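K.L.:
sharing a model prediction with you, sequence too.
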Amino acid sequence: MRNRNCLGGRWICQAYRMRRRRRRRRRMRRRRTRTTRTSRLADFAKDGPLCCPTDSDPSMTPIFSAMIAGIGGGFRWPLCVFGLVAIRDKVDHNRNIIFQRSRSECQTLTEEDPYLVLTGPARAVVFTGPVTFEVYLKVKGPTELEDRTLCCLAEEMRDSGAPYSYMFHRTYSCKFSTVEFTLGHITSSVEATISVRVISGSWPHGFQGEFAACLVRTGDIFHGSKHEGPVIGGRTRSTSVDHKKITLLSFGDEKVPVLDDGVIELSRSVVSAKSDSNLEVSVRAWQDSNNAVQAMAAFASKEAGRSSCTVDIGSCKMVVIVAWSLISDWPESR
């Protein structure tokens, strides 16, 4: 009986120790799996890296555009599209949403303009491991029961391992449609979070507008922090990421979306920049081809801190602020 009780006591003590270990592991897991958040506009005072930097800056992939490259299965242009497009990387494997619309605010796509209006990513996408695209798009019908699925897929993309930066396309097809992404591969990169605030004046009445960002090699940057000149259109055929535009906000001749504190609500605010290049933020305003103006602000890439520059569009004076940070390519423990 004594031996049995002794064995039972040992078993109880062992079970108690195992429960304590499990609780400790759960607590540590919860601490480690807090998703790293990108700096928001209100957090610009918190300068410095968001994650612990690794021995070398990771490669990142900017998303320049996403479009419906083809349709079938009885679908006809135009399409009133809603749903979700997201991307996952190895940092935390959480959805990093780049497009999301509800049925009540669907986007109308035409054959001439099949591009989705992107609103992400919320943080830079690390491209030192597999990256997964998730697409779930539906076409709005006369009633909710008549909505049809346009695209439903999940595809993995892997890094080519190239030691240089370049631009490329990825096309994925499903039963009724084809989706095409225009992407970049940027080595030794940092994350830039952009905000724009009106400090005096107002946007020119009746003018359309566009805020955009692009990378520029150090030797190509214009002299000075501001530049006024004609609006230059056209699409590049180069495979380089230099001068490839990322649209932050585009609007018609309606009022520019400005908050009470003067901050302009950009559709996208996070971009990837090469650590030894410059980031150029441009502001365009136009009524027609003969009545257009453009202002630019150039920033040298940093690993941490903030940069700012003022730009003028007519009587509207704005300050462009860029918050810099590193992103660790070490995966979060789950």
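P.N.:
Okay, I see it.
K.L.:
what segments of the stretch 1-150 of the chain are helices?
P.N.:
Here the stretch 1-150 of the chain has its helices, by DSSP state H, counting those that start in this stretch, at 2-32.
K.L.:
domain parsing for the chain?
P.N.:
63-185, 189-325 (automatic domain parsing).
K.L.:
tell me the mean pLDDT for the first one?
P.N.:
Domain 63-185 comes out with an average pLDDT of 95.
K.L.:
ends of it, what's the gap?
P.N.:
Terminal residues of domain 63-185 are spaced 10 Å apart (Cα to Cα, to the nearest Å).
K.L.:
what about Ala192, distance to Pro142?
P.N.:
44 Å (Cβ to Cβ, to the nearest Å). Glycine gets a C-beta too; all of them are placed from N, C-alpha and C.
K.L.:
what do you get for Glu280?
P.N.:
For Glu280 relative to Pro142 (Cβ to Cβ), the value is 45 Å.
K.L.:
look at those two and report which has more neighbours.
P.N.:
Legend: neighbour count by other Cβ atoms under 10 Å for Glu280 and Pro142, higher for Glu280 (22 against 7).
K.L.:
my guess is that one contacts Cys214, does it?
P.N.:
Yes: taking contacts as Cβ atoms under 8 Å, Glu280 lies within contact range of Cys214: 5.3 Å.
K.L.:
quick one: Thr119 and Gln100 touch, right?
P.N.:
Yes: Thr119 is in contact with Gln100 according to Cβ under 8 Å; the separation is 6.7 Å.
K.L.:
rewinding a little: for Arg21, which of the domains of the chain is the nearest?
P.N.:
In terms of Cβ to Cβ, the element of these nearest to Arg21 is domain 63-185, at 24.9 Å.
K.L.:
how distant is that closest one from the center of its chain?
P.N.:
13 Å (Cα atoms, centre = their mean, to the nearest Å).
K.L.:
stretch 289-302 now?
P.N.:
On the basis of Cα atoms, centre = their mean, stretch 289-302 sits 21 Å off its chain's mean C-alpha point.
K.L.:
avg pLDDT for it?
P.N.:
The pLDDT scores in stretch 289-302 average 92.
K.L.:
list the buried residues for it?
P.N.:
292-299, 301-302 (16 or more other Cβ atoms under 10 Å).
K.L.:
repeat for stretch 316-332
P.N.:
316, 318-329, 332.
K.L.:
for stretch 178-194, same thing?
P.N.:
Those would be 179-194, for stretch 178-194 by 16+ other Cβ under 10 Å.
K.L.:
out of the residues you listed, which is nearest to Glu210?
P.N.:
Of the buried residues of stretch 178-194, the one sitting nearest to Glu210 (Cβ to Cβ) turns out to be Ile194, at 13.7 Å.
K.L.:
correct me, but the closest one touches Trp324?
P.N.:
No: with contact defined as Cβ under 8 Å, Ile194 does not count as touching Trp324 (10.5 Å).
K.L.:
quick one: what helix or strand has Asp312 in it?
P.N.:
Assessed by DSSP states H and E, Asp312 sits inside strand 305-313.
K.L.:
who touches that strand?
P.N.:
44, 47-48, 199, 203-204, 209, 225-226, 281, 283, 285, 293, 295-300, 317-324 (Cβ atoms under 8 Å, 6 or more residues apart in numbering).
K.L.:
residues in contact with stretch 207-217: which ones?
P.N.:
Contacts of stretch 207-217 (Cβ under 8 Å, 6+ apart): 186, 192, 194, 196, 203, 241-253, 256, 264, 266, 271, 273-274, 277-287, 298, 313.
K.L.:
residue closest to the middle of this protein?
P.N.:
In the chain, the residue lying closest to the centroid (Cα atoms, centre = their mean) is Pro121, at 2.4 Å.
K.L.:
quick one: which of the contacts of strand 305-313 sit in helices?
P.N.:
In this view, the contacts of strand 305-313 have no member that belongs to helices under DSSP state H.
K.L.:
beta-bridge partners for the residue lying closest to Val283 once chain neighbours are set aside, please?
P.N.:
If the residues on either side of it in the chain are set aside, Val283 comes closest to Ala295, at 5.0 Å by Cβ to Cβ, 6 or more residues apart in numbering. Beta bridges link Ala295 to Glu228, Val283 when assigned by DSSP bridges.
K.L.:
was I right about Ala295 contacting Ser282?
P.N.:
Yes: Ala295 is within contact range of Ser282, at 7.2 Å (criterion: Cβ under 8 Å).
K.L.:
so how many other residues sit close to Leu259?
P.N.:
The local packing of Leu259 (other Cβ under 10 Å) involves 11 other residues.
K.L.:
rewinding a little: could you measure from the residue nearest to Val283 over to Val139?
P.N.:
According to Cβ to Cβ, Ala295 and Val139 sit 39 Å apart.
K.L.:
repeat that for Pro58.
P.N.:
37 Å.
K.L.:
which of the two has more neighbours?
P.N.:
Neighbour tally, Pro58 and Val139, criterion other Cβ under 10 Å: the higher count belongs to Pro58, 26 against 23.
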